[in-house]
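Enquirer: have a look at this prediction, sequence included:
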Amino acid sequence: MSQVVRYHEAMRPAIPAIIAFALLALAVGVNPISNNDVWLHLTTGRLIVERGEVPHLDEYSFTRGGSPYVAHEWLAQVLFFTVYRVFGITGLIAFKPFALFLTALLVSAGCRRIGGSEIAGFWSGVLAITAMTSHLFARPHLFTFILIAATSLALARVRSARTGTIVILVLLEAAWANLHGGFVLGIALAAAQGAWLAAGAMSAAALLNPYGAGLYRFVFLFTDPVFRRRIREWSGPFDEPFLGSFHFYVYCGVLLLTLATVVFSLRKRRYGAAVSLCLFAALSLFSKRNASVLGVAAAPWIGASASEWLATPAGRLRPERWRPRLGGYSGMIASTAIVVLLAIAATLHGVPHETGRARRPGLGIADNVPVSAIEYVLSHHLEGNALNSFAFGSYLTWRAWPGTKVFIDSRLDVYGGEFVEQYSLAMADPARMRDLLRRYRFDYAVLSYRLDDVQGPVAAFASDGGWALVYYDNLAMIYVRREPRWAPVIAADEYRHTNPYLFMTGRWSPGDDPAGAAAEAARALAVTPGCLVAGLIEATSLQASGRHAEAIALLEASESRLGPDGEGRPLILGLLGTSYLETGDRVRARQAFERLVKAQPDSAYGRKMLESLGAAPGDAR
């Protein structure tokens, strides 16, 4: 009976931790699928399941078809496709909080294994979850989070002279090498901590993959400086837009705690811990995607060191009466309550993101994925070689391959730095894009005007005259080549007077035919109901025709559909204020311009109009 009592006493602190980790993981991890890579993983996973073998050559692009393709995440891709086939998109979304929760449990256990207290283990798990939110997508790197934490825990057992744990490390590494390219981090972690036998065994275990030693060569392809310069997630943590974001300050906090832990570890002669922490800190400085990895790797040591320091005379809290409240079951309950409040806040307000829009809870597919545009491609039987924005390549392959082959997708290793550089320059430079049009045969184009600069193809298509804009929505636009097979599509759907990219960049006006422009925008709005840019183009065209009452009705309806983080509100308010003023409603015009200045303080137009109305811009409420 006494053993049962002791068991329950030992488990009591674990139950609040499990509850807190689960709630926090659900609050920050259940949100719509927004990353472009997952669609390529699903495509490759489907092929592996159907064919019973991993790919070795590219089949998805017309620019690199037949070139070597190392599906280094093949096992994760099979697992993702299996989850999708059974549970759909919701299953992929659910995997994110599961990965957060499991990683937090392993981090907490690792902290306790190396000497941390219950409370220290709890907060190290919370710290890991918080750090992971900066790179939280349904992608194979989630397995690296889990396996870094599992490897750290196993290495603690190795240091405890349980040499049989090397077998566990070998099995973890063999799985890791087939799940994600981060497998080298496990080997580096073991070597840094002086577990040379384990590191050697893990290095050999990593060869148990379909590509053998070629997998090691593959990892070093990502040191190409072009990727760091051209691909946002490979840029450094002190580059915009990460710089100054919520995740940036979390990263800075983790980095400072890591450096303090390095100093503490050196004073305690824990050189292995200090070396491994310095390694992960250096990796985080190289690429912001490693900021989350640093949080997972450093959290156990941060927690254990803080726990040990607080037990020293220098670290003891004053007054003495605080100490009992911060430990044991009562301390765990208080900590759990704090985390529950954080989870509630994340659920209600979302997690701040570097894009400026909070990542809010939800299911389904996010609005940065060109779902409607690709539905148009499929329903109108567009096929062939597609010029595509980088972020669209994977989803286009998932939905339209093999009838469509893309120009580029997110497999950077397949294309190489030089190709990515030339593509990036051409997307911004019409002259370079015209050169691409001469070198490659394109049948249609799917372009993102909201996520990318597409000045190159838009200007090149306009000067060429051999292309027709046939579709646009809030995110994407589709051009087709003027040739007989697309003639019915062009005749029915071509937009001659409107272009969303030119409108959003201030290069479009209703011109000589505002009625025609309004009619085209109304047609776009009918094709994609709720399309904000189509509504704004129509409203602008109506204003140009002097039909301000109609413009006001359209703009008010557009604003009512915007969410709390909806883009486009400043532009709507500016147009609304203008039309209110034209109809003689100075009160509502002033209110619209005040709201504009509040939403966008640097709006020169809003401030100018407020001054003309006799209101100081600083009066905006």
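Expert: Alright, I've got the coordinates.
Enquirer: only the buried residues of stretch 367-383, if you could.
Expert: Across stretch 367-383, burial judged by 16 or more other Cβ atoms under 10 Å covers 367, 368, 369, 370, 372, 373, 374, 376, 377, 380, 382, 383. Where you see a C-beta, it was placed from the backbone N, CA and C, and this is true even at glycine.
Enquirer: grab the nearest non-local neighbour of the second one.
Expert: Excluding the flanking residues, the one nearest residue 368 by Cβ to Cβ, 6 or more residues apart in numbering is residue 34, at 5.6 Å.
Enquirer: hmm, that neighbour is touching residue 366, no?
Expert: Yes. With contacts counted by Cβ atoms under 8 Å, residue 34 reaches residue 366, the gap being 3.7 Å.
Enquirer: higher neighbour count, these two?
Expert: Set residue 34 next to residue 366 and count neighbours by other Cβ atoms under 10 Å: residue 34 wins out with 17 against 14.
Enquirer: model confidence for the more buried one, exactly?
Expert: On pLDDT, residue 34 comes in at 89.
Enquirer: now for it: which residues touch it?
Expert: 137, 359, 365, 366, 368, 369 (Cβ atoms under 8 Å, 6 or more residues apart in numbering).
Enquirer: so which of those comes closest to residue 55?
Expert: When these are ranked by distance to residue 55 (Cβ to Cβ), residue 137 comes first, at 22.3 Å.
Enquirer: quick one, what contacts that closest one?
Expert: 34, 35, 37, 38, 96.
Enquirer: show me which pair in the residues you listed is furthest apart.
Expert: Farthest pair in the contacts of residue 137, by Cβ to Cβ: 37 and 96, 13.5 Å.
Enquirer: how near is the residue nearest to residue 368 to residue 365?
Expert: 8 Å (Cβ to Cβ, to the nearest Å).
Enquirer: repeat that for residue 121.
Expert: 36 Å.
Enquirer: so those two - more neighbours on which side?
Expert: Between residue 121 and residue 365, counting by other Cβ under 10 Å, residue 121 is the more crowded of the two (28 against 17).
Enquirer: that one: what's it in contact with?
Expert: Applying Cβ under 8 Å, 6+ apart, the residues near residue 121 are 17, 108, 109, 111, 112, 303.
Enquirer: neighbour-wise, give me the winner out of those residues.
Expert: Result: residue 111 is most packed of those (other Cβ under 10 Å), 33 neighbours.
Enquirer: state the pLDDT value of that residue.
Expert: 92.
Enquirer: what helices and strands are in contact with the helix or strand harbouring it?
Expert: In this structure, residue 111 sits in helix 74-113 according to DSSP states H and E. Counting contacts by 3 or more Cβ pairs under 8 Å, 6 or more residues apart in numbering; DSSP states H and E, helix 74-113 packs against helix 14-29, helix 37-51, helix 118-132, helix 141-159, helix 165-179, helix 291-310.
Enquirer: in three-state terms, how would the nearest residue to residue 193 once chain neighbours are set aside be classified?
Expert: Excluding the flanking residues, the one nearest residue 193 by Cβ to Cβ, 6+ apart is residue 272, at 3.6 Å. Recorded secondary structure, residue 272: helix (DSSP: H, G, I helix; E, B strand; the rest coil).
Enquirer: could you shift the numbering so residue one becomes 33, and keep it that way?
Expert: All right, first residue 33 from here; so that's residue 304.
Enquirer: so residue 304 touches residue 223, yeah?
Expert: No. Residue 304 lies out of contact with residue 223 (Cβ under 8 Å); the separation is 9.4 Å.
Enquirer: let me see the ranges of the helices in the stretch 283-432 of the chain.
Expert: For the stretch 283-432 of the chain, the helices defined by DSSP state H, counting those that start in this stretch cover 303-318, 323-342, 354-357, 360-381, 403-411, 425-432.
Enquirer: how much space between residue 543 and residue 498?
Expert: 22 Å.
Enquirer: correction: residue 511
Expert: Using Cβ to Cβ, residue 511 is found at 10 Å from residue 498.
Enquirer: ok, residue 586 next?
Expert: 34 Å.
Enquirer: the two: who's more crowded?
Expert: Each of residue 586 and residue 498 has its neighbours counted (other Cβ under 10 Å); residue 586 has more, 25 against 11.
Enquirer: where's the more buried one, which helix or strand?
Expert: Going by DSSP H and E, residue 586 is in helix 580-592.
Enquirer: now do the buried residues in that helix.
Expert: Neighbour-count burial for helix 580-592 [16+ other Cβ under 10 Å]: 580, 582, 583, 584, 586, 587, 590, 591.
Enquirer: ok now stretch 258-274, how far from the chain's centre?
Expert: Between the centre of stretch 258-274 and the centre of its chain there are 13 Å (Cα atoms, centre = their mean, to the nearest Å).
Enquirer: which strand or helix spans residue 478?
Expert: strand 476-480.
Enquirer: which residues touch that strand?
Expert: Residues outside strand 476-480 that contact it (Cβ under 8 Å, 6+ apart): 402, 405-406, 409, 414, 416, 418-421, 423-424, 428, 486, 489-490, 493, 499, 507-513, 518, 533.
Enquirer: what about these, which are in strands?
Expert: 416, 418, 419, 420, 499, 508, 509, 510, 511, 512, 513 (DSSP state E).
Enquirer: can you list the residues you listed in JSON lines and add pLDDT and distance to residue 277?
Expert: JSON lines is the format used below for those (pLDDT from 0 to 100; distance: Cβ to Cβ, whole Å):
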{"residue": "416", "pLDDT": "95", "distance to residue 277": "40"}
{"residue": "418", "pLDDT": "97", "distance to residue 277": "33"}
{"residue": "419", "pLDDT": "97", "distance to residue 277": "32"}
{"residue": "420", "pLDDT": "95", "distance to residue 277": "28"}
{"residue": "499", "pLDDT": "95", "distance to residue 277": "38"}
{"residue": "508", "pLDDT": "94", "distance to residue 277": "26"}
{"residue": "509", "pLDDT": "95", "distance to residue 277": "29"}
{"residue": "510", "pLDDT": "97", "distance to residue 277": "32"}
{"residue": "511", "pLDDT": "97", "distance to residue 277": "34"}
{"residue": "512", "pLDDT": "97", "distance to residue 277": "38"}
{"residue": "513", "pLDDT": "95", "distance to residue 277": "41"}
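Enquirer: of those residues - the most surrounded one?
Expert: residue 508 (30 neighbours).
Enquirer: so what's that one closest to, chain neighbours aside?
Expert: Closest to residue 508 by Cβ to Cβ, 6+ apart is residue 405, at 3.8 Å.
Enquirer: equivalent analysis for residue 488, please.
Expert: In space, residue 488 is closest to residue 465, 3.7 Å off (Cβ to Cβ, 6+ apart).
Enquirer: relative to the whole chain's centre, how far out is whichever strand or helix holds the one you found?
Expert: Per DSSP H and E: residue 465 is located in helix 462-471. Helix 462-471 sits 30 Å away from the centroid of its parent chain (Cα atoms, centre = their mean).
Enquirer: low-confidence ranges, the stretch 283-432 of the chain, go.
Expert: 344-361, 388 (pLDDT under 70).
Enquirer: please apply the same query to the chain.
Expert: Ranges of the chain meeting pLDDT under 70: 33-45, 190-195, 344-361, 388, 595-598, 647-653.
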